[in-house]
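*Asks:* need coordinates for the below:
(chains A and B)
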Amino acid sequence: MTTGALIFAFNNEQTDYIAMAAWSAERIRRHLKIPTAVITDCKDQSRLTKFDHVIAADPVKGGVRFFDDYQKTLTWYNAGRIDAYTLTPWEQTLVLDADYVVCSDQLTAVIDSTQDFLSHRMAWDITGINNFKGLNWFGEHNMPMWWATVMMFRKSPTCEYIFNCMKMVKENWMHYKALYHSPGSNFRNDHALSIALGIVNGHTLDINNIPWGLATIISSYNLTQISSDHFQIEYFDQDKLKTIDWQNMDFHAMCKRQLGDIVANTV
Amino acid sequence: MNTDNLITHARARFDHVAARRVLKEKYEARMLFAHAGGMWRAGPELLVLLATVPPGDAVVLDLYETPIQVNSDQLRGMAMIRWQEQMNAWLVDHEQLNKKR
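*Replies:* Coordinates of the predicted model:
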């Protein structure tokens, strides 16, 4: 069985997702020992040398969104994720956000699992300040949210149903948004995934997930790199500056601007 | 009562508890591993369970509550090694954390 990682990388006005994905591809190869494919609209071959496969695709707008770290409203190219099933070159695929930072071999447990589909059910704030209630559940009915940040899937009828269902949710987004009382107007992969997983699993919410939480650094925290797999997070707690050392543990960096700076200084 | 001291102490305590929680999340995640088609958490529960089944083949529920046929000795050996390795690493990190207090 072929196994590899898949990253979507469509630059917007501020964030160089292609550089971020290339930086991530090297880390994936080092820690997880698997090849990486990128789905991108970038045509500059010199920027794509870190990837084992390059899949050309047009960006699909998920809308515009205000990014705290840039203090700007930017285009959000997030919606192509539902095509991962048809575009992947692998039989077993690990879809990772470009801003998911691999610092360990932890995800090998997910790759070695025989489940058809796995994603994170719960994210947690590494500072312990935020409880992420508004992120781990969505809508007025507090539907549990599965994160599309990390998804492992196999070519299988179940996964085909999941991705087809995500596509259906996207095509009928206003209906599902109203049905689940999902806030905001933008299409969100996480919400579409959660709705699709619910439908495909017979609305039982008995859904297998990655059995640990998604460590998350939100955009208001300051992220710096000390060494390859060692990062430092600075944040203010009641006007007091605090720091956390973060070593050999994967994380989801919502602070895209700072991650972009780290990547720019590395390459 | 000096409330400033109390506030300082409470904040330091919060930070320490938050740092302990990070270590717990880190090492609990590392206790997880896949084997024989199942997902397992190395730790006392699994080790004690495996100590109660006869040597050789056994059927055990994995983390996803799926019955999996395993060689109990093999799984126990893997779980024991992983548990001890990660507990030792956790102890080192925990002691470093205590030094910072």
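*Asks:* low-confidence ranges in the chain?
*Replies:* All of this refers to chain A. Residues of chain A that meet the criterion pLDDT under 70 lie in A:61-79, A:267.
*Asks:* my question was about chain B, not that one.
*Replies:* Checking chain B against pLDDT under 70 turns up B:101.
*Asks:* please redo it, this time with the cut-off set to 80
*Replies:* Applying pLDDT under 80 to the predicted model, the residue ranges of chain B that meet it are B:1, B:100-101.
*Asks:* dead centre of it: give me the residue that sits there.
*Replies:* Of all residues in chain B, the one closest to the mean position by CA atoms, centre = their mean is residue B:28, 3.9 Å from it.
*Asks:* which ones are touching it?
*Replies:* Under the criterion of CB atoms under 8 Å, 6 or more residues apart in numbering or on different chains, the contact partners of residue B:28 comprise A:212, B:41. Glycine gets a C-beta too; all of them are placed from N, C-alpha and C.
*Asks:* how many residues are close by residue B:3?
*Replies:* 8 (other CB atoms under 10 Å in any protein chain shown).
*Asks:* can you check residue A:201 too?
*Replies:* The local packing of residue A:201 (other CB under 10 Å) involves 16 other residues.
*Asks:* quick check: phi and psi on the closest residue to it other than its chain neighbours?
*Replies:* Counting by CB to CB, 6 or more residues apart in numbering or on different chains, the nearest residue to residue A:201 once its immediate chain neighbours are dropped is residue A:207, at 5.2 Å. Dihedral angles of residue A:207 (phi, psi; degrees, to the nearest 10) stand at phi -120, psi 130.
*Asks:* list the contacts for residue A:207?
*Replies:* By CB under 8 Å, 6+ apart, the residues touching residue A:207 are A:121, A:146, A:197-198, A:201.
*Asks:* for those residues, which entry has the maximal number of neighbours?
*Replies:* The most crowded member of these is residue A:146, carrying 25 neighbours; neighbours defined as other CB under 10 Å.
*Asks:* now do it against chain B, distance only.
*Replies:* As defined by CB to the nearest CB, to the nearest Å, residue A:146 lies at a distance of 15 Å from chain B.
*Asks:* around chain B, which positions in the stretch 151-267 of chain A sit nearby?
*Replies:* With CB under 8 Å from any CB of the partner chain as the criterion, the stretch 151-267 of chain A comes near chain B at residues A:208, A:211-213, A:215, A:237-238, A:240, A:242, A:244, A:246, A:249.
*Asks:* go with 10 Å
*Replies:* A:206, A:208-213, A:215, A:237-238, A:240, A:242-250 (CB under 10 Å from any CB of the partner chain).
*Asks:* rewinding a little: is it fair to say the residue nearest to the centre of chain B lies in a strand?
*Replies:* No: using DSSP: H, G, I helix; E, B strand; the rest coil, the assignment for residue B:28 is helix, not a strand.
*Asks:* can you tell me which residues in chain B are near chain A?
*Replies:* Taking CB under 10 Å from any CB as the criterion, the neighbours of chain A within chain B are B:7, B:11, B:14-15, B:17-23, B:25-41, B:62-66, B:68, B:89, B:93, B:96-97, B:100.
*Asks:* how about a cut-off of 7 Å?
*Replies:* By the criterion of CB under 7 Å from any CB of the partner chain, the positions of chain B lying close to chain A are B:15, B:18, B:21-22, B:25-26, B:28-30, B:32-34, B:37, B:39, B:63-64.
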